[in-house]
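# Predicted model and sequence below, questions to follow.
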Amino acid sequence: MSSKKSLLILSSLIALFLAAIVGLNLAVDPYCFLCKEIDANQKTRNRRYQIAQIILRNPDAEQIILGSSRGESTSPHWLQQVSGLKTLNLSYPAAGIVTKTSFIDFALKHAQIKKVIWYADYFELTKTFVDGDVYKTKALRPYIQDIFSSSTFDQSSEILKSLIDWDTIRASFRASRYHLPPSSDLGEGSELDYTDCAKPGFTSQVSRRGLSNEIDILYDRYVRGIINKPPANEAKEAFKNLVAKLQNQHVELEIVILPYHPQFIARLKVEHPDIYTNHMEWISWLGQIKGPGVRVVNFFEGIPHDDQSSKFWVDGVHFTCKGVIEMMGSLDQNLPK
């Protein structure tokens, strides 16, 4: 057999293998990238899709939390107890304004939302990769605002890549093992024991040396790419439009500016004064957002009663559920009318 013919056969076999993989992933669609609508009973590995499902399963929800991974330590059960409003935590890792507004618009349509708690991250008003990923979920596209223009994110090529991605292949074979989240799942932080978080002796189990190392690791990651760009004007405009929309629908908005660990901020001031200045300008800009039912709360300079230990911190940017209780528990739940 000639080498040319062998190469042709090998190429054909590879093509057939890839076609079979693509066919399997299309048929199973474990991440529901191609699902046309949100189905509360659909089993999937797509957390964005699952967040929308949580909203559908809780049409009586009155309050939603929008955050990044920094919102994951907030127990919706605890906040529900404190506020008296049925609460869902719709936080998603590295979520930017496109992701957050898509969840808000979906919730406004499918639940009885009275209040939105927006955990403000500096990076959310920049063009984040995660916001590009949200376009992959076809069922959410009607709720996605094209803030940066969809040309910024080539969702078609990304979906095509996912069809031959090893994670998707593995997920397709494991699809029969997936289960729907329990009814007690009100979003991120649902599994937290908030009574334990409130105890004086609570700790995240991170040693003092370990915490210091984690602060340094996150600091390097943040200043090298996550917070080294100024907010985009189109994102700021979109945020102002969101505020106006919520006011028109008589939905309260609480904007909570989240803190960094004091050690993180101290380094930022000295080593990257330009980034620190950008943060101060961003905080000032948020502080100017006013109106009926709108409140801006600034915790950037620190958590109340913070001793800078693992009682309050996991690393340089992520605080514990104890930190959340100290921050959110210090607020009057009634916003100015």
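Received it, and whenever you're ready, just let me know what you need.
# Can you list the residue ranges for strands in the stretch 151-300 of the chain?
Counting by DSSP state E, counting those that start in this stretch, the stretch 151-300 of the chain has strands at residues 252-257, 294-298.
# The last one to strand 252-257, inter-axis angle?
Strand 294-298 and strand 252-257 are oriented at 20 degrees to each other (axes from the mean of the first three to the mean of the last three CA atoms, to 10 degrees).
# Not counting its own residues, what contacts strand 294-298?
243, 247, 252-257, 283, 286-287, 289-290, 331, 335-336 (CB atoms under 8 Å, 6 or more residues apart in numbering). In short, each C-beta sits where N, CA and C put it, glycine included.
# before we move on, what about the longest one?
Contacting residues not belonging to strand 252-257 are listed as 114-120, 243, 246-247, 283, 286, 289, 293-300, 327-328, 331, 335 [CB under 8 Å, 6+ apart].
# Buried ones among these?
Using 16 or more other CB atoms under 10 Å as the burial test, these include 114-120, 243, 246, 283, 286, 293-297, 299-300, 327-328, 331 as buried.
# Can you pull the poorly scored residue ranges out of the stretch 101-250 of the chain?
For the stretch 101-250 of the chain, residues meeting the criterion pLDDT under 70 lie at 128-130, 150-181.
# show me where it has helices.
Assigned by DSSP state H, counting those that start in this stretch, the helices in the stretch 101-250 of the chain fall at 129-133, 155-162, 166-173, 194-197, 208-221, 233-248.
# roughly how far is the longest one from the heart of the chain?
This points to helix 233-248. Taking CA atoms, centre = their mean, to the nearest Å, one finds helix 233-248 lying 18 Å from the centre of the chain it belongs to.
# got the CA positions of it in PDB?
Extracted C-alpha coordinates of helix 233-248, given in PDB (Å, rounded to 0.1, in the frame of the first residue of the first chain):
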ATOM      1  CA  ASN A 233     -17.800  53.800  28.100                       C
ATOM      2  CA  GLU A 234     -20.400  51.500  26.400                       C
ATOM      3  CA  ALA A 235     -20.500  49.400  29.600                       C
ATOM      4  CA  LYS A 236     -21.000  52.400  31.800                       C
ATOM      5  CA  GLU A 237     -23.800  53.600  29.500                       C
ATOM      6  CA  ALA A 238     -25.400  50.200  29.600                       C
ATOM      7  CA  PHE A 239     -25.200  50.200  33.400                       C
ATOM      8  CA  LYS A 240     -26.900  53.600  33.600                       C
ATOM      9  CA  ASN A 241     -29.600  52.300  31.300                       C
ATOM     10  CA  LEU A 242     -30.100  49.300  33.600                       C
ATOM     11  CA  VAL A 243     -30.600  51.700  36.600                       C
ATOM     12  CA  ALA A 244     -33.200  53.600  34.600                       C
ATOM     13  CA  LYS A 245     -35.000  50.400  33.600                       C
ATOM     14  CA  LEU A 246     -35.200  49.200  37.200                       C
ATOM     15  CA  GLN A 247     -36.500  52.500  38.400                       C
ATOM     16  CA  ASN A 248     -39.200  52.600  35.700                       C
END
